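J.: starting from these lines, generate the structure:
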Amino acid sequence: MGRKQTQEVGEHVEFAARLRLAVEKSGISGNQNKIGSMFDVTGAFYGQMLRGFKCPGTETGVKMAIKLNVSFEWLMTGRGEMEYCDTSDPVEREASRLIAGLPLEYREELLALIRASAKLQERTLEE
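T.: Next up is the predicted model:
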């Protein structure tokens, strides 16, 4: 009797899905060894992360988040926004944090309001 092939999946499947998404969006390509070396891990370890069998430690997770330009918290836990917000302006950081906590429909309404305000300001500056 032949062996039944199954897709093995580990306990870190949610991390694996976020990692695949971040790598895809970053445009990084190559084999497991090449991509793993970008994160200072072996290709085998990178492959185990992709299948959900391994999760990186903090130091490696930080390196991955930086290279992928994603939020460390999002990559490791799924909380927060995927994109890393790099701003030293405390008002922007606070606004981003508060907006991220709102329901999607409120965020969309707020974004529409901000866009309308920006257009109004542009018109005022042109006059």
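J.: contacts, neighbours, all on C-alpha from now
T.: Fine.
J.: show me what counts as buried in the helix or strand of the chain with the lowest mean pLDDT.
T.: In the chain, no helix or strand scores lower on mean pLDDT, DSSP states H and E than helix 90-100, which sits at a mean of 75. Applying a neighbour-count criterion of 16 or more other Cα atoms under 10 Å, one finds residue 99 buried in helix 90-100.
J.: got the angle for the helix or strand following that helix vs helix 90-100?
T.: Sequence-wise, the next helix or strand downstream of helix 90-100 (DSSP states H and E) is helix 104-126. Put simply, helix 104-126 runs at 140 degrees to helix 90-100, going by axes from the mean of the first three to the mean of the last three Cα atoms, to 10 degrees.
J.: so what's the residue nearest the centre of the chain scoring on pLDDT?
T.: Among the residues of the chain, residue 82 comes closest to the average C-alpha position under Cα atoms, centre = their mean, at 3.3 Å. With respect to pLDDT, residue 82 scores 86.
J.: quick check on it: phi, psi?
T.: phi -70, psi -50 (degrees, to the nearest 10).
J.: so it sits against residue 76, correct?
T.: No: the criterion here is Cα atoms under 8 Å, and residue 82 misses it with residue 76 at 10.5 Å.
J.: assign the closest residue to residue 29 other than its chain neighbours to helix, strand or coil.
T.: Nearest residue to residue 29, sequence neighbours excluded (Cα to Cα, 6 or more residues apart in numbering): residue 35, at 7.2 Å. At residue 35, secondary structure determined by DSSP: H, G, I helix; E, B strand; the rest coil is helix.
J.: count of neighbours near residue 35?
T.: 18 (other Cα atoms under 10 Å).
J.: contact partners for it?
T.: 28, 29, 43, 46 (Cα atoms under 8 Å, 6 or more residues apart in numbering).
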